[in-house]
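Colleague: no sequence on this one, just coordinates:
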């Protein structure tokens, strides 16, 4: 399969101003965003919890905040609650936030089926 055959929604890291009309925003925290398709996530304060695990099923492990926010974006897109978007710009404010998004894209089975990291 080539990259052009991959129908999953692309996710790249950037700033809110990097988002174009075909993008949605995934924002860590409550930074203001004037964009029609936005999902937000927050990490639990002082949390060292890993979301997901390698040896078990996803039904017995809590989904991480990045995976939950991406799931909300996907459902809003499917229900036409937001304009159709082709990619997502992840705006994180911490290394832990970026890690949560990366973990969602690689370790969360449902998220990985819908989204892919944009190299």
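Modeller: Nice, thanks for sending it over. Quick caveat, the model's predicted, so the values are computed rather than measured.
Colleague: wait, doesn't residue 18 sit right on residue 89?
Modeller: Yes: look at residue 18 against residue 89 with C-beta atoms under 8 Å: they come within range, at 5.2 Å. Backbone N, C-alpha and C define where each C-beta goes, glycine included.
Colleague: what's the overlap in contacts for the two?
Modeller: residue 12 (C-beta atoms under 8 Å, 6 or more residues apart in numbering).
Colleague: what segments of the protein are helices?
Modeller: Taking DSSP state H to define them, one finds helices in the chain at 65-78, 95-107, 109-114.
Colleague: show me the one of the ones you listed that comes nearest residue 6.
Modeller: helix 109-114 (11.3 Å; C-beta to C-beta).
Colleague: and the closest one, what's its mean pLDDT?
Modeller: The average pLDDT for helix 109-114 rounds to 94.
Colleague: please renumber so the chain begins at 352
Modeller: Renumbered: residue one is now 352, and that last one reads helix 460-465.
Colleague: list the buried residues in it.
Modeller: 462, 465 (16 or more other C-beta atoms under 10 Å).
Colleague: give the other helices and strands that it contacts.
Modeller: helix 416-429, helix 446-458 (3 or more C-beta pairs under 8 Å, 6 or more residues apart in numbering; DSSP states H and E).
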